[in-house]
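In: coords below, sequence missing:
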Ligand SMILES: Nc1nc2c(ncn2[C@@H]2O[C@H](COP(=O)(O)OP(=O)(O)OP(=O)(O)O)[C@@H](O)[C@H]2O)c(=O)[nH]1
Ligand SMILES: [Mg+2]
């Protein structure tokens, strides 16, 4: 790894939260966009050296964690683990950003699970930069209040045990196609968050039970299963298969 690279910056988040979009507006050139197939656009770890605020930073982009099926989710978990290891592998300190998507003030369980997993995987515990992305203009005023940010970080702590400082939360407004997001606050924050040496990275593992608790993502799965069950062609063989499996 080049000597002039000051650190590794890994911005993680679930599929479609805007990891590649934000990395690209910080100067990278990762594939990003509309996912035609329902899964993630980014499927493997990608790296690129980018100049941010006059410093060369190795930006890392990886797939999002939670997808509608467990096999893909576990594959993504392996990629994210690899990405987390890049700091240690390159003997560079690491900075971590986690993107969650705003759903009118609600944070999805899938985003909570990702925060929990990344937080648990790293030793020592890391300072996390939390990026709330794709916030609609009408919701920006809520996020501008201290109370809203405090409630958010408390909720995250409650669900994930991760500690996010209220002054380490960045809110990014959803832009119309073609308009540039204002990433100056994010760039300044990236300067401030601590570069940490990674001592150890544990493999991220998703149990079947954890996967089942992610209600909103499971919905697609349930609809697909129902469609199979009620089909005269696929229903009976599926039920026999289920019975044998038990
Ligand atoms: N218009 C607009 N689009 C956004 C914004 N943030 C993300 N997007 C769009 O959201 C979609 C998903 O963004 P990506 O950057 O590909 O998401 P990702 O997190 O890298 O997703 P995967 O690689 O699939 O895991 C893309 O079409 C982006 O252009 C935003 O602020 N404004
Ligand atoms: Mg991507």
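Out: Perfect, I can see it now. In this text the structure is predicted, and so the values were computed from the model without any measurement. Ligands and ions are numbered 1, 2, ... in the order given.
In: Quick one: name the residues of the chain near ligand 1.
Out: The interface of the chain toward ligand 1, taken as Cβ under 6 Å from any ligand atom, is made up of 13, 15-21, 32-35, 40-42, 63-64, 133-134, 174-177, 181. Yep, even glycine has a C-beta here, placed from its N, CA and C like the rest.
In: In the lengthiest helix in the chain, which of the residues would be classed as buried?
Out: Secondary structure of the chain per DSSP state H: the longest helix is helix 70-89. Buried residues in helix 70-89, counted by 16 or more other Cβ atoms under 10 Å: 70, 72-73, 76-77, 79-88.
In: can the next helix or strand after it be found next to ligand 2?
Out: Using DSSP states H and E, the next helix or strand after helix 70-89 towards the C-terminus is strand 94-101. No - applying Cβ under 5 Å from the ion, one finds strand 94-101 separated from ligand 2 by no less than 10.2 Å.
In: before we move on, the earlier item: between the buried residues of helix 70-89, which is nearest ligand 1?
Out: Of all those, ligand 1 sits closest to residue 76, with 8.2 Å by Cβ to the nearest ligand atom.
In: Apart from its neighbours in sequence, what residue is nearest the closest one?
Out: Of all residues not flanking residue 76 in the chain, residue 63 sits nearest, at 4.4 Å (Cβ to Cβ, 6 or more residues apart in numbering).
In: Could you pull out the helices in this structure for me?
Out: Shown for the chain, the helices assigned by DSSP H span residues 19-25, 70-89, 109-121, 137-143, 146-160, 184-192, 208-212, 215-229, 235-245.
In: mean pLDDT lowest for which of these?
Out: Sorting the helices of the chain by mean pLDDT places helix 215-229 lowest, at a mean of 59.
In: Which strand residues bridge the nearest residue to residue 185 once chain neighbours are set aside?
Out: Spatial nearest neighbour of residue 185, excluding adjacent residues (Cβ to Cβ, 6+ apart): residue 170 at 5.8 Å. Per DSSP bridges, the residues bridged to residue 170 are residue 131.
In: what's around residue 170, how many residues?
Out: 21 (other Cβ atoms under 10 Å).
In: What of residue 207?
Out: Neighbourhood size, residue 207 [other Cβ under 10 Å]: 9.
In: One more: the one 4 residues further on?
Out: With neighbours defined by other Cβ under 10 Å, the count for residue 211 comes to 19.
In: just so I know, which of the helices of the chain lies nearest ligand 2?
Out: Set against ligand 2 and scored by Cβ to the ion, the helices of the chain come closest in helix 19-25, at 3.3 Å.
In: Can you name the residues in contact with that closest one?
Out: Contact with helix 19-25 is made by 11-13, 28, 30-32, 41-42, 50, 59, 61-62, 64, 99, 131, 133, 172, 180-181, 183, 186, as judged by Cβ atoms under 8 Å, 6 or more residues apart in numbering.
In: among the residues you listed, which ones are buried?
Out: Taking 16+ other Cβ under 10 Å as the criterion, what is buried in those is 11-13, 28, 30, 32, 41-42, 50, 59, 61-62, 64, 99, 131, 133, 172, 181, 183, 186.
In: thinking again about what came up before, now, the contacts of helix 19-25 that are in strands?
Out: Counted as lying in strands by DSSP state E, out of the contacts of helix 19-25, are 11-13, 50, 59, 61, 99, 131, 133, 172.
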